[in-house]
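Trainee: what follows is a predicted protein model with its sequence.
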Amino acid sequence: MKRRLAGLGASALALGLVVLFGSAVPSQAAPGGTPGAPAAKGVTHISPSVTAGSNLTKGRPASPAKPAGTVSGPQAMSASAALAPAISTAHLAFGVGTPGGPQASSELDQVANLVGENPSIVLSYKDFSQAAPIDDLNAVAARGATSLVTWEPWLWSGNGVNQPTYSLKNIAAGNFDSYIRSWGTALASWGKPVMLRFAQEMNGNWYPWDEGVNGNQPGDFVAAWQHVHDVVASTGATNVQWVWSPNVPYWGSTALSELYPGAAYIDTVALDGYNWGTSQSWSSWTSPSDLFGDGLNQLRAIAPGKPIVVGETASAEAGGSKADWNTSLVSYLNAQADVTGFVWFDYNKEVDWRIDSSSSSATAMANALAARRS
């Protein structure tokens, strides 16, 4: 989702994960471990997907709608991917999330042709009513890319942040174990590497899994994360790479150190951050270094040695040059040796976050990615 700031053949796929993220085989902890509505108006770290009083669904239908003319399915993906530019082998991987989801081949091909390379990471979202997305995983694998599945413990159709059924205590108590186990079993059977981004942006207050809302208390997030991890691990799903993805820290956010489940439960750490520019009354233009710098330093202190990705990012046009921002983003992240990828949120929602919101933005992103390939 979004809330951020302001002012991320089988053997070939596995090898790609090793190159991009440090390990294709995630760590596994022994079973039994333990261990923030958007910010108020005027605060500069609010999710682009949420406004006060809104249902925090990020506009995603349970089954993403396909644009007219979209061809879906692994076979279609294989054919369309063959026409798109190749995936880059650069240290800094480029990923994307689009409204139609992993099976919307035309959307992903459009992005690939805009920027001159096929995304090596494809972002998607599922809530706690949906089965493990095997068709999505197959579609992404057919493109030669890696899936980054955001698994959200709530119902998109529910009452926003107030969903007591999905409290952290209920998750840790085992109320959803059968469902969680079904995901683990399905992912284990699928067998290829998959990045699982569970309960993202846990340091905010706009999701029902954030501490301080929905009846959650300090310590509950770590307990719930470790429990979900252990249930999935008990199914033999060693192909799952766990991605811990807070929002960029902001004044009033929960301290990251209080939410980190421990090195044995995490494979990759991530940050979500957006430049809202002057699109909102509370926001101002924020450079990539100002947006991510503090958060990256905190991740390094909390999780030394873990690979880092930017799980979601994008920029508004208002308030500055989006083209320059795109150039700076890629240059800044590429200079960080431990940052292995970033994922662009290519949606036209609260503002037009898409890469091609302007021709200058699209050209700048293509040029920046080409420069990091050289």
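Mentor: Thanks, I have the structure now.
Trainee: ok, now which ones touch the nearest residue to Thr278 once chain neighbours are set aside?
Mentor: In space, and not counting its chain neighbours, Thr278 is closest to Gly319: 3.4 Å by CB to CB, 6 or more residues apart in numbering. Every residue, glycine included, has its C-beta placed from N, CA and C. By CB atoms under 8 Å, 6 or more residues apart in numbering, the contact list for Gly319 reads Gly277, Thr278, Ser279, Ser283, Ser284, Trp285.
Trainee: kindly recompute the last result at 6 Å.
Mentor: Going by CB atoms under 6 Å, 6 or more residues apart in numbering, Gly319 touches Gly277, Thr278, Trp285.
Trainee: so can I have CSV of those showing distance to Val240 and pLDDT?
Mentor: Shown next, in CSV, are these (distance: CB to CB, whole Å; pLDDT from 0 to 100):
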residue, distance to Val240, pLDDT
Gly277, 36, 98
Thr278, 40, 98
Trp285, 38, 98
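Trainee: low-confidence ranges in the chain?
Mentor: 1-83 (pLDDT under 70).
Trainee: and Arg197, backbone torsions?
Mentor: Arg197 adopts backbone torsions of phi -100, psi 90, taken as degrees, to the nearest 10.
Trainee: okay, buried residues for whichever strand or helix holds Thr363 please.
Mentor: Per DSSP states H and E: Thr363 is located in helix 359-373. Across helix 359-373, burial judged by 16 or more other CB atoms under 10 Å covers Ser361, Ala362, Thr363, Ala364, Met365, Ala366, Asn367, Ala368, Leu369, Arg372.
Trainee: middle-most residue in the protein, spatially?
Mentor: The residue lying closest to the centre of the chain (CA atoms, centre = their mean) is Gly311, at 3.7 Å.
Trainee: contact partners for it?
Mentor: Counting by CB under 6 Å, 6+ apart, Gly311 has contacts Leu8, Ser245, Ala270, Asp272, Val343.
Trainee: Trp285 touches Ser279, doesn't it?
Mentor: No: here Trp285 does not reach Ser279: they are 9.8 Å apart, not a contact under CB atoms under 6 Å.
Trainee: if we can go back for a sec, of the contacts of Gly319, buried ones?
Mentor: Buried among the contacts of Gly319 by 16+ other CB under 10 Å: Gly277, Trp285.
Trainee: let me have the contacts of Gly319 in a markdown table, extended by distance to Asp352.
Mentor: Formatted as a markdown table, the contacts of Gly319 follow (distance: CB to CB, whole Å):
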| residue | distance to Asp352 |
| --- | --- |
| Gly277 | 11 |
| Thr278 | 14 |
| Trp285 | 16 |
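Trainee: switch the contacts of Gly319 over to JSON lines; also include distance to Ala86 and secondary structure.
Mentor: Shown next, in JSON lines, are the contacts of Gly319 (distance: CB to CB, whole Å; DSSP: H, G, I helix; E, B strand; the rest coil):
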{"residue": "Gly277", "distance to Ala86": "33", "secondary structure": "coil"}
{"residue": "Thr278", "distance to Ala86": "37", "secondary structure": "coil"}
{"residue": "Trp285", "distance to Ala86": "34", "secondary structure": "coil"}
